[in-house]
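Chemist: build the 3D model from these lines:
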Amino acid sequence: MKNIKIRSKKEVNTSILNGLSSALEIVQGKKPAKRMREVIIPDLPLYKGKDIKRVREKIEVTQKIFAEVIGVSVKTIEAWEGNRNIPDGPAQRIFYALDNNPSFLKIFGIKV
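Modeler: Take a look at the predicted model:
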């Protein structure tokens, strides 16, 4: 079980004020900014039935093998390809990776 620390309103307000004060000092040149980097996360792709089947056929595997690769049941693959269900985010990202780089599976030691 995780330990959850509940903060009081006073603690939260103090934390926010400290952050704003620190930001103001950085903007005013009184304090150097910490190194930051920009992270760009593209929108989640949306692969549906025909798209999923196309990706599967692109890597030339059966539904059974594709299910094992993705880590789901054959019934799930059938439901996805039949548009009865839409895959969640992690599966969508995997489809995108496979669609754009068929050798993506090699990262996991999967040889097709």
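Chemist: distance-wise, check residue 95 relative to residue 33.
Modeler: Per C-beta to C-beta, to the nearest Å, residue 95 is found 39 Å from residue 33. From N, CA and C alone the C-beta is placed, and that goes for glycine too.
Chemist: who has more neighbours, those two?
Modeler: residue 95 (22 against 11; other C-beta atoms under 10 Å).
Chemist: now the helix or strand containing the more buried one: buried residues?
Modeler: Element membership of residue 95 [criterion: DSSP states H and E] is helix 89-100. By neighbour count on 16 or more other C-beta atoms under 10 Å, the buried set for helix 89-100 is 91-92, 94-96, 98-99.
Chemist: report the two of the residues you listed separated the most.
Modeler: Pairwise distances across the buried residues of helix 89-100 (C-beta to C-beta) peak at 12.2 Å, for the pair 91 and 99.
Chemist: common neighbours of those two, please.
Modeler: Residues touching both residue 91 and residue 99 (C-beta atoms under 8 Å, 6 or more residues apart in numbering) are residue 47.
Chemist: in this protein, what helix or strand scores lowest on average pLDDT?
Modeler: helix 9-27 (a mean of 84; mean pLDDT, DSSP states H and E).
Chemist: so residue 69 touches residue 110, yeah?
Modeler: Yes - between residue 69 and residue 110 there is a contact under C-beta atoms under 8 Å: 5.9 Å.
Chemist: out of the two, which sits in the busier spot?
Modeler: residue 69 (18 against 13).
Chemist: let's see the pLDDT reported for the spatially most central residue of the chain.
Modeler: What sits nearest the mean C-alpha location of the chain, by C-alpha atoms, centre = their mean, is residue 90, with 5.5 Å. You'll see residue 90 listed with a pLDDT of 93.
Chemist: again, but for residue 39
Modeler: pLDDT, residue 39: 87.
Chemist: check the one 4 residues further on too.
Modeler: Reading off the confidence values, residue 43 has pLDDT 91.
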